[in-house]
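could you look at this predicted model? Sequence included:
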Amino acid sequence: MLEISGLVAGYAGPPVLRDVSLDVRAGELVGLLGANNAGKSTLINCISGLIRPRAGTIRFDGEDITRLKPDAIVLRGVVQVPEGRQLFPRMSVLDNLLLGGTNRTARPARVRRIEQVYALFPRLEERKTQTAGTLSGGEQQMLAVGRAMMTGPRLLMLDEPSLGLAPLFVQAIFRALRALNEDGLTILLVEQNLNLTLDCAARGVVLERGQVAIVGDAATLRADPRTRQAYLGL
Amino acid sequence: MDLLIQTALQGILIGGSYALVALSLGLTYNVSGIINFAHGDFLTLSMFLALAAQSAWLIDPYISGALLFPLLFVLGAGVYHFLLRPVAQSHLLMVIQLTLGISFVLQNGLLMVFGGQPARVPSAFETTLFQAGGDFIFRAPQVFAFAGSVVLALLLWLLLDHTEAGRRIRAVHQNPRAAALMGIDVPRLRMQIFGVGIGVQAIAGALMLPGVPIDPALGFQYTVIPLMALVMGGLTDFLGIYLGALLIGLTEALGTVFVSGTSGMMVPYALFILVLLLRPQGLFRRA
């Protein structure tokens, strides 16, 4: 479904990603692992079109999306839940969800999808008139996931969804992700939390200093001592 | 006492025309993040275009204003797309310099074409007067301009708070990156809003024009005063911007009539400094 080959990208200075290639197959939940500064967020932002790669290609369903603008990539069903949630802080929960469904492909299904999001996170329905900025961190993360679901994603990418959350909320988020995956949604999950990710991911990719260090199924990665080393940045 | 009331009402009417310009300045600023120092010069441009339309085809400014809206919309959208957007990511001073540059080009272009002597544009209601409450007299164009500012404010409120487009505009204002991740074409929306903001200058120009002498250097005043209203309102609060504009008009009129000599002209600026010192977050915003 998603094929990345030979990706080189970064900001000013030396590249953050150096020749990264990886595949995500339809229906999979793939964990993207690695230490801080390994290049995980850069990779996701390249896929979303927020960063222009210097070389390499990103294909989605066979189509080259490397040079598309962020909004065009969302229209194709590749959607990111960004790190730090990036909500619209002074708007209500409902407005945030409606904005997830504002683009022309998502608009017709908006009413139906809101019900699905409320079923996934009942807490959001209770808080629907509340301003997003006043929610707790965990509720905000639920809203960020719900808002992304409103766009009608076919590939959902999440950047550190457990960051800074209370354990109870982490569980709720991951339970939701597993349920979405079982319903057929393809997920690319960037996480610091190694065990949690390997619990629900079928496969994992470990990035190390901008390169793919290890690729394998969850059990293999768990057994491989290099996985933990990569985490500690050794 | 009558003089005080007449002056105050007059000032509020003038404040209405400042509000026309200030609201559109606020809209473009909030969506694009660019403070456009050429904003008032687009107003003068539209006034001189209305002058040209009047001299060539005898079209009343109230009609040419509506006709000029699409023209200024395209001009504003073009200026944003081809000039401002390419530098929008660079240093703030670069963007300010660029809009100042546009201001000089417009001002001197108008000077070149129309000359520097004050011009007047005749209009149907130019000399019509309204009498209210016995002794108070108002010029019809000023009442129309004030009514226009109320209508614009209402339209803006309807657009922003009650339409899907408004929801997107607020999204781009609050978090452009997240808006892009929702599938909103942020550069396109910003271009359209910039076009609307400049397009509104055509309407504002027409409303302010009758009976008032214009010259190419007028634009600067209509950038600085709306900018003051914008800052007094706290940049993002449209009601605050609107009331700020009225307050400037009010103090300007009161200062001119009741404070002796040219020092009366300083009253609105003194008020502005006071607001900055005492309520830097904006007149009506909670800190």
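Arrived safely, thanks for sending.

quick one: contacts of the longest helix seen in chain A?
Of all the segments of type helix in chain A, defined by DSSP state H, the longest one is helix A:167-182. Outside of helix A:167-182, the residues within contact range by C-beta atoms under 8 Å, 6 or more residues apart in numbering or on different chains are A:27, A:29, A:120-121, A:136-139, A:141-142, A:145, A:149, A:156, A:158, A:161-162, A:165, A:187, A:189, A:193, A:196, A:199-200. In short, each C-beta sits where N, CA and C put it, glycine included.

helix or strand: which one has the residue of chain A found nearest chain B?
Ranked by C-beta to the nearest C-beta, the top residue of chain A for proximity to chain B is A:Asn103, at 3.2 Å. Assessed by DSSP states H and E, A:Asn103 sits outside every helix and strand.

thinking it is in contact with A:Ile73, fair?
No - under the criterion of C-beta atoms under 8 Å, A:Asn103 is not in contact with A:Ile73, lying 11.1 Å apart.

neighbour count: the two, which is higher?
A:Ile73 (24 against 20; other C-beta atoms under 10 Å in any protein chain shown).

and the gap between that one and B:Ala178?
Taking C-beta to C-beta, to the nearest Å as the measure, A:Ile73 falls 14 Å from B:Ala178.

quick one: B:Thr7 from B:Val267, how far?
Shown here: B:Thr7 relative to B:Val267, a distance of 12 Å by C-beta to C-beta.

what is in contact with these two at once?
Shared contacts of B:Thr7 and B:Val267, defined by C-beta under 8 Å, 6+ apart, are found at B:Leu254.

who in chain A is up against chain B?
Residues of chain A found near chain B, taking C-beta under 8 Å from any C-beta of the partner chain as the criterion, are A:48, A:50, A:69-71, A:74-75, A:79-80, A:82, A:86-91, A:95, A:98-100, A:102-103, A:105-106, A:147-148, A:151.

strands of chain A, residue ranges please.
Counting by DSSP state E, chain A forms strands over residues A:2-9, A:17-24, A:29-33, A:55-60, A:63-64, A:78-81, A:155-159, A:186-190, A:203-208, A:211-217, given from the N-terminal end onward.

and among those strands, the most buried is which?
Ranked by average neighbour count under the criterion mean count of other C-beta atoms under 10 Å in any protein chain shown, the strands of chain A are headed by strand A:78-81 at a mean of 27.

can I have the buried ones of the contacts of helix A:167-182 as a PyMOL selection?
Here is the PyMOL selection string for the buried members of the contacts of helix A:167-182, based on 16 or more other C-beta atoms under 10 Å in any protein chain shown:
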select buried, chain A and resi 29+120+121+138+139+141+142+145+149+156+158+161+162+165+187+189+193+196+200
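
which residue does the stretch 51-200 of chain B have closest to chain A?
Among all residues of the stretch 51-200 of chain B, B:Gly183 sits closest to chain A, at 3.2 Å; criterion: C-beta to the nearest C-beta.

so, low pLDDT: which residues of the chain?
You didn't pick a chain, so chain A it is. Counting by pLDDT under 70, chain A contains low-confidence residues at A:232-234.

oops, I was thinking of chain B
B:286-287.

try it again at 80.
Applying pLDDT under 80 to chain B flags residues B:1, B:126-127, B:132-135, B:261, B:284-287.

residue ranges of the strands in it, please?
B:129-132, B:136-139.

what sits up against stretch B:145-163?
Stretch B:145-163 is contacted from outside by B:12-13, B:16-17, B:19-20, B:23-24, B:27, B:165-166, B:169-170, B:200, B:203-204, B:207-208, B:238-239, B:242, B:245, using C-beta under 8 Å, 6+ apart.

filter those residues to the buried ones?
Neighbour-count burial within the contacts of stretch B:145-163 applies to B:12-13, B:16-17, B:19-20, B:23-24, B:27, B:169-170, B:200, B:203-204, B:207-208, B:238, B:242, B:245; the criterion is 16+ other C-beta under 10 Å.

so which of the residues you listed belong to helices?
For the buried ones among the contacts of stretch B:145-163, membership in helices holds for B:12-13, B:16-17, B:19-20, B:23-24, B:27, B:169-170, B:200, B:203-204, B:207-208, B:238, B:242, B:245, with DSSP H as the criterion.

burial count for the residue nearest to A:Thr129 when sequence neighbours are not counted?
For A:Thr129, the nearest residue in space outside its immediate sequence neighbours is A:Ser92; the separation is 5.5 Å by C-beta to C-beta, 6 or more residues apart in numbering or on different chains. If you count neighbours by other C-beta under 10 Å, A:Ser92 ends up with 16.

how close does A:Ser92 get to A:Arg147?
For A:Ser92, the distance to A:Arg147 (C-beta to C-beta) stands at 12 Å.

same question for A:Arg112.
15 Å.

so which of these two has more stuff around it?
Taking neighbours as other C-beta under 10 Å, A:Arg112 and A:Arg147 compare with A:Arg147 leading, 29 against 9.

the more buried one is in contact with A:Leu98, isn't it?
No - counting by C-beta under 8 Å, A:Arg147 stays clear of A:Leu98, with 9.1 Å between them.

could you pull out the helices in chain B for me?
If you assign secondary structure with DSSP H, the helices in chain B sit at B:2-32, B:39-57, B:61-79, B:85-87, B:92-114, B:140-162, B:164-174, B:176-181, B:186-208, B:221-232, B:238-258, B:267-278.

residues of the longest one that come out buried?
Of the residues in helix B:2-32, those scored as buried under the neighbour-count criterion (16+ other C-beta under 10 Å) are B:6-32.

check the fourth one too.
Of the residues in helix B:85-87, those buried under the neighbour-count criterion (16+ other C-beta under 10 Å) are B:Arg85.

list the contacts for B:Ser123?
B:60-62, B:141, B:209-211.

try it again with 10 Å
Residues touching B:Ser123, when contacts are defined by C-beta atoms under 10 Å, 6 or more residues apart in numbering or on different chains, comprise B:50, B:54, B:60-63, B:140-141, B:144, B:206, B:209-211.

repeat that for A:Ile114.
Contacts were defined as C-beta under 10 Å, 6+ apart; by that measure A:Ile114 touches A:94, A:97-98, A:100-101, A:124-125, A:128, A:146, A:149-150.

once you drop chain neighbours, what's closest to the residue of the stretch 51-200 of chain B closest to chain A?
Residue nearest to B:Gly183 in three dimensions, not counting chain neighbours: A:Asn103, with 3.2 Å by C-beta to C-beta, 6+ apart.

which among the contacts of A:Ile114 gets closest to B:Pro118?
A:Leu98 (51.0 Å; C-beta to C-beta).

and the closest one, what does it touch?
If you count contacts by C-beta under 10 Å, 6+ apart, A:Leu98 has them with A:91-92, A:107, A:110-111, A:114, A:147, A:150, B:164, B:167-168, B:171, B:182.

show me what from the stretch 101-250 of chain B comes close to chain A.
Near chain A, the residues belonging to the stretch 101-250 of chain B are B:164-165, B:167-168, B:170-175, B:177-189, B:236 when assessed by C-beta under 10 Å from any C-beta of the partner chain.

if we go to 8 Å?
Those residues of the stretch 101-250 of chain B that sit near chain A, judged by C-beta under 8 Å from any C-beta, are B:164, B:167-168, B:170-171, B:174-175, B:177-186.

quick one: B:Pro213 and chain A, what's the gap?
Between B:Pro213 and chain A the distance is 43 Å, computed by C-beta to the nearest C-beta, to the nearest Å.

neighbours around that residue, how many?
Based on other C-beta under 10 Å, the number of other residues close to B:Pro213 is 10.

likewise the one 10 residues further on?
Using other C-beta under 10 Å, B:Thr223 has 24 neighbouring residues.

so it sits right up against B:Ala38, yeah?
Yes - B:Thr223 sits in contact with B:Ala38 when judged by C-beta under 8 Å, with a separation of 7.3 Å.

shared neighbours, the two?
Residues touching both B:Thr223 and B:Ala38 (C-beta under 8 Å, 6+ apart): B:Ser103.
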